[in-house]
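Engineer: Make a model of this:
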Amino acid sequence: MGDLIIKNIAQLVTMRGPNRLRQGEEMRDVEILENGYVVVKDDKIIAVGTGDVYKNYLENHTAVVDATGLVMTPGLVDSHTHLVHAGSREHELTMKLEGYSYLDILKAGGGILNTVQKTRKASFTELYDKAKKSLDIMLSYGTTTVEAKSGYGLDVDTEVKQLEVAKKLNDTHPVDIVSTFMGAHAYPSDYKDNHEAFIETVIDMMPYIKEHGLAEFCDVFCERDVFSYEESLYLLEKAKKYGFMLKIHADEMDSIGAVDIACMLGCVSADHLVETKEEDFEKLAKYHIVANLLPATSFNLNKGYAKARKMIEAGCGIALSTDYNPGSSPTENIQLVMQLAGLKLKMTPKEILTAVTINGACALNREKEIGSIEVGKKADFVLFDVPNIDYLIYHFGINHVKDVYKNGKLVVHNQRVCYKEE
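Structural biologist: Purely as a prediction, here's the structure:
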């Protein structure tokens with residue numbers, strides 16, 4: 001019997017299918033049920049179907065929600081963010097408008113290094129409160145699971161502090177947080193002439209972070225003038241030996257071999273991929289590496305976009321994420337990312353929904369728990385006040401969420417966050 005029943009769902013986008021990365025044409029193979037229902041017991045889905053079969057699960061205590069005219073999707077997965085940080089960087093906007101590049105600003109002591117200074121000075125409580133506010137915004141747009149990277153400390157104490165903030169938020173906030181250690185995000189100013197020493201400092205952090213359960217993944221910014229091919233390979237090889245799953249910031253500004261590293265070491269995802277060579281698309285597909293695309297970053301930096309259509313034609317499995325961070329993508333709005341994916345990446349609504357649900361779950365090694373609406377998975381789902389999935393992408397720049405359920409509990413109602421703090 002059920003604790004919660006959602007009935008009369010106009011379009012129920014289940015994403016049912018294999019619990020693995022959906023690649024190429026599979027990204028369009030999306031089950032959409034009309035007049036659907038979902039039944040929840042405790043925090044899990046126990047039945048999915050159409051019509052009035054839900055009545056078999058009714059008890060006196062069962063809460064029943066009428067979703068007439070609404071579209072339901074699985075809870076959205078934002079699988080690449082830099083959630084925990086201090087401050088903001090709006091003062092760099094004029095520099096960008098005057099033609100300074102992302103790397104130009106970084107070389108001048110701005111960019112990541114500016115945020116590093118602020119994050120080092122911030123208290124645990126300040127970081128927690130700021131990140132919590134962002135999580136509430138993400139939740140209001142339908143995000144129920146998010147990845148959070150460190151990388152704004154570049155020293156032991158601050159990297160650990162960032163990850164401990166994320167861990168506490170995972171315990172106290174409805175949104176599930178999956179943490180990634182990214183000590184190799186930039187070279188701090190005091191190591192600018194001694195890269196080898198900083199790399200060893202990052203490696204020395206790995207055992208403590210792994211032993212204390214502060215991160216599941218390790219990531220590195222593989223880019224010209226940041227971490228070279230050889231440095232990135234060395235760092236990720238060490239991380240793999242310590243038991244981390246791997247990610248890589250790849251080909252954002254230049255293609256310097258990051259995809260080859262991803263294939264060689266079995267990275268779960270390669271992220272950005274704006275400048276990836278077309279011959280590398282088939283490599284990503286062959287090794288089942290999630291191609292995690294971040295169109296809001298391209299939009300904000302006025303740069304080119306990843307070649308999503310050619311990736312899909314080559315058999316890649318794509319995820320979409322906000323890349324929320326204070327410099328290159330200061331937005332928590334995953335719906336905007338979805339709409340940019342339609343307008344700029346030329347992805348179809350079905351491909352987009354695959355990218356922010358089951359493929360996003362694959363990017364976080366959570367595909368057996370979330371990413372689809374089917375029996376046995378977490379009761380994470382979103383009700384959108386739209387007539388169909390095409391409208392969700394077509395009508396851009398607003399929040400279409402009506403309600404969000406996390407673990408079977410209503411946490412957003414009429415776009416207002418309504419969960420009770422633990």
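
Engineer: for the chain, which spans come out with low pLDDT?
Structural biologist: The chain contains residues with pLDDT under 70 at 102, 109, 422.

Engineer: separation between the residue positioned nearest the centre of it and Lys161?
Structural biologist: Nearest residue to the geometric centre of the chain (CA atoms, centre = their mean): Ser79, 1.8 Å. Computed with CB to CB, to the nearest Å, the distance linking Ser79 and Lys161 is 23 Å. Just so you know, the C-beta spots here come from the backbone N, C-alpha and C atoms, and that holds for glycine as well.

Engineer: For the residue nearest to the centre of the chain, give me its contacts.
Structural biologist: Ser79 makes contacts with 145-147, 178, 269, 290, 292, 319, 321, 360-361, 363-364, as judged by CB atoms under 8 Å, 6 or more residues apart in numbering.

Engineer: which pair in these spans the largest distance?
Structural biologist: Spatial extent of the contacts of Ser79 (CB to CB) is set by the pair Val146 and Val290 at 15.4 Å.

Engineer: contacting residues for the closest residue to Asn359 other than its chain neighbours?
Structural biologist: The shortest distance from Asn359 to any non-neighbouring residue, by CB to CB, 6 or more residues apart in numbering, is to Ala319 (4.4 Å). Contact analysis of Ala319 by CB under 8 Å, 6+ apart lists 77, 79-80, 269, 290-293, 355-356, 359-360, 362-363.

Engineer: and these as CSV, adding secondary structure and distance to Asp390?
Structural biologist: As requested, the contacts of Ala319 are exported to CSV (DSSP: H, G, I helix; E, B strand; the rest coil; distance: CB to CB, whole Å):
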residue, secondary structure, distance to Asp390
Val77, strand, 21
Ser79, coil, 24
His80, coil, 26
Ser269, strand, 27
Val290, strand, 25
Ala291, strand, 23
Asn292, strand, 24
Leu293, strand, 20
Ala355, helix, 16
Val356, coil, 15
Asn359, helix, 19
Gly360, helix, 20
Cys362, helix, 24
Ala363, helix, 25
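
Engineer: and those residues as JSON lines, adding distance to Gly17?
Structural biologist: Below are those laid out as JSON lines (distance: CB to CB, whole Å):
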{"residue": "Val77", "distance to Gly17": "16"}
{"residue": "Ser79", "distance to Gly17": "18"}
{"residue": "His80", "distance to Gly17": "23"}
{"residue": "Ser269", "distance to Gly17": "20"}
{"residue": "Val290", "distance to Gly17": "16"}
{"residue": "Ala291", "distance to Gly17": "19"}
{"residue": "Asn292", "distance to Gly17": "20"}
{"residue": "Leu293", "distance to Gly17": "21"}
{"residue": "Ala355", "distance to Gly17": "14"}
{"residue": "Val356", "distance to Gly17": "15"}
{"residue": "Asn359", "distance to Gly17": "11"}
{"residue": "Gly360", "distance to Gly17": "15"}
{"residue": "Cys362", "distance to Gly17": "12"}
{"residue": "Ala363", "distance to Gly17": "17"}
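
Engineer: element containing the closest residue to Thr62 other than its chain neighbours, please.
Structural biologist: Leaving aside its sequence neighbours, Thr62 sits nearest to Gly2 (CB to CB, 6+ apart; 5.3 Å). Under the criterion DSSP states H and E, no helix or strand holds Gly2.

Engineer: doesn't Val39 make contact with Gly2?
Structural biologist: Yes: between Gly2 and Val39 there is a contact at 4.1 Å, judged by CB atoms under 8 Å.

Engineer: Touching both of those two, which residues are there?
Structural biologist: Residues touching both Gly2 and Val39 by CB under 8 Å, 6+ apart: 46-47, 54, 57.

Engineer: Going by distance to Ala215, which of these wins?
Structural biologist: Closest to Ala215 out of the shared contacts of Gly2 and Val39 is Ile46 (32.8 Å), distances taken as CB to CB.

Engineer: State whether the closest one is indeed within a strand.
Structural biologist: Yes: checked against DSSP: H, G, I helix; E, B strand; the rest coil, Ile46 lies within a strand.

Engineer: residues in contact with it?
Structural biologist: Contacts for Ile46 (CB under 8 Å, 6+ apart) come out as 2, 39-40, 57, 375.

Engineer: do Leu83 as well
Structural biologist: By CB under 8 Å, 6+ apart, Leu83 lies in contact with 131, 134-135, 146, 148-149, 166, 177, 324.

Engineer: now swap in Val53 and tell me
Structural biologist: Contact analysis of Val53 by CB under 8 Å, 6+ apart lists 37, 47.

Engineer: State the distance from it to Ala314.
Structural biologist: 41 Å.

Engineer: Now name the helix or strand holding the most far-flung residue of the chain relative to its centre.
Structural biologist: Largest separation from the mean C-alpha position in the chain: Asn60, at 38.7 Å (CA atoms, centre = their mean). Of the helices and strands defined by DSSP H and E, none includes Asn60.

Engineer: and it, backbone torsions?
Structural biologist: Asn60 adopts backbone torsions of phi -60, psi -30, taken as degrees, to the nearest 10.

Engineer: and Lys238, what does it touch?
Structural biologist: Contact analysis of Lys238 by CB under 8 Å, 6+ apart lists 203, 206.

Engineer: let's see it at 6 Å
Structural biologist: Residues counted as contacts of Lys238 (CB atoms under 6 Å, 6 or more residues apart in numbering) are Ile203.

Engineer: Can I have the buried ones of the contacts of Ala319 as a ChimeraX selection?
Structural biologist: Buried subset of the contacts of Ala319, written as a ChimeraX selection, criterion 16 or more other CB atoms under 10 Å:
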select :77,79,80,269,290,291,292,293,355,356,359,360,362,363
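
Engineer: so which of the contacts of Ala319 comes closest to Gly243?
Structural biologist: Using CB to CB, the contacts of Ala319 come closest to Gly243 at Ser269, 17.6 Å.

Engineer: Need the nearest residue in space to that closest one, chain neighbours excluded.
Structural biologist: Val290 (3.9 Å).

Engineer: Might you report the residue contacts of the one you found?
Structural biologist: By CB under 6 Å, 6+ apart, the neighbours of Val290 are 269, 317, 319, 362-363.

Engineer: got CSV for those, with distance to Lys350 too?
Structural biologist: Putting the contacts of Val290 into CSV (distance: CB to CB, whole Å) gives the following:
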residue, distance to Lys350
Ser269, 21
Gly317, 14
Ala319, 14
Cys362, 17
Ala363, 18
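
Engineer: element containing Leu336?
Structural biologist: Assigned by DSSP H and E, Leu336 falls within helix 334-343.
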